[in-house]
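A.B. asks: coords please:
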Amino acid sequence: MRITAIATVVLLLIVLLGCNKSEGSAGSGGQASQVGSVKIGDQAPDFSLPGYPHQEFILETYRGQQAVVLYFYPKDDTPDCTVQACAFRDTAEEFLRNGAVIVGVSRDDLSAHALFADELELPFALLSDADGQVRRAFGNPDGSTDLVSRITYVIDKQGVVREIIDGRQTSDLNDHVIRSLGKVRELAGEQSTAG
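C.D. replies: Down below sits the predicted model:
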């Protein structure tokens, strides 16, 4: 009798945990990201940050105009971040042809961004999220001022997150560029068939 009661409790716990897990994996009808609270299908949080070379970047101003590829990276002028920035630089025209703007975000200040962007001749803005406010708004707090994870969001013209590339799931830095460009091309194709 005692074994049956224990088995019943264990079975009940498994069922409850399974239900909670499935409910938490798809908010707003979207596909869950492996990282934070913003999921594919969610509206991207609006934000404004200082940037280089532009004075200020305001996400909302792109709504109805262009898709935005928002990539968070750990630190300017480090080997992996340089490789990733150059990969975005080398494909920037292809992103633009398909209606998307690229924006990089890190905790670095604007003077560090200026040196990094000028040295690499980056044709896109680098934003300073010094206090991690925007990273937290996307549900990806790093918990410190140390190096943070690499994550890329593709946000469509309506401000909806359509792709999330998490650096903890892929060690290939080019995946961020390849997958985001693929999604941007797909969005451009959807726009041309709808228009």
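A.B. asks: give the buried residues for the helix or strand hosting Leu181.
C.D. replies: Using DSSP states H and E, Leu181 sits within helix 174-194. Under the neighbour-count criterion of 16 or more other C-beta atoms under 10 Å, helix 174-194 has 175-177, 179-181, 183-185, 187-188 buried. Where you see a C-beta, it was placed from the backbone N, CA and C, and this is true even at glycine.
A.B. asks: repeat that for stretch 90-103.
C.D. replies: Those would be 91-92, 95, 98-103, for stretch 90-103 by 16+ other C-beta under 10 Å.
A.B. asks: inside helices: which ones of these?
C.D. replies: 91-92, 95 (DSSP state H).
A.B. asks: now the residues you listed as TSV including pLDDT?
C.D. replies: Formatted as TSV, those follow (pLDDT from 0 to 100):
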residue	pLDDT
Thr91	97
Ala92	97
Phe95	98
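A.B. asks: before we move on, the earlier item: can you redo the buried residues of stretch 90-103 as CSV with distance to Phe47?
C.D. replies: Listed next are the buried residues of stretch 90-103 as CSV, based on distance: C-beta to C-beta, whole Å:
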residue, distance to Phe47
Thr91, 24
Ala92, 22
Phe95, 20
Asn98, 23
Gly99, 21
Ala100, 18
Val101, 15
Ile102, 16
Val103, 11
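A.B. asks: of those residues, which is the nearest to Phe124?
C.D. replies: Of all the buried residues of stretch 90-103, Phe124 sits closest to Ile102, with 4.1 Å by C-beta to C-beta.
A.B. asks: contacting residues around that closest one?
C.D. replies: 69, 71, 88, 92, 95, 124 (C-beta atoms under 8 Å, 6 or more residues apart in numbering).
A.B. asks: so what's the residue nearest to it when sequence neighbours are not counted up against?
C.D. replies: The shortest distance from Ile102 to any non-neighbouring residue, by C-beta to C-beta, 6 or more residues apart in numbering, is to Phe124 (4.1 Å). Shown in contact with Phe124 (C-beta under 8 Å, 6+ apart): 88-89, 92, 101-104.
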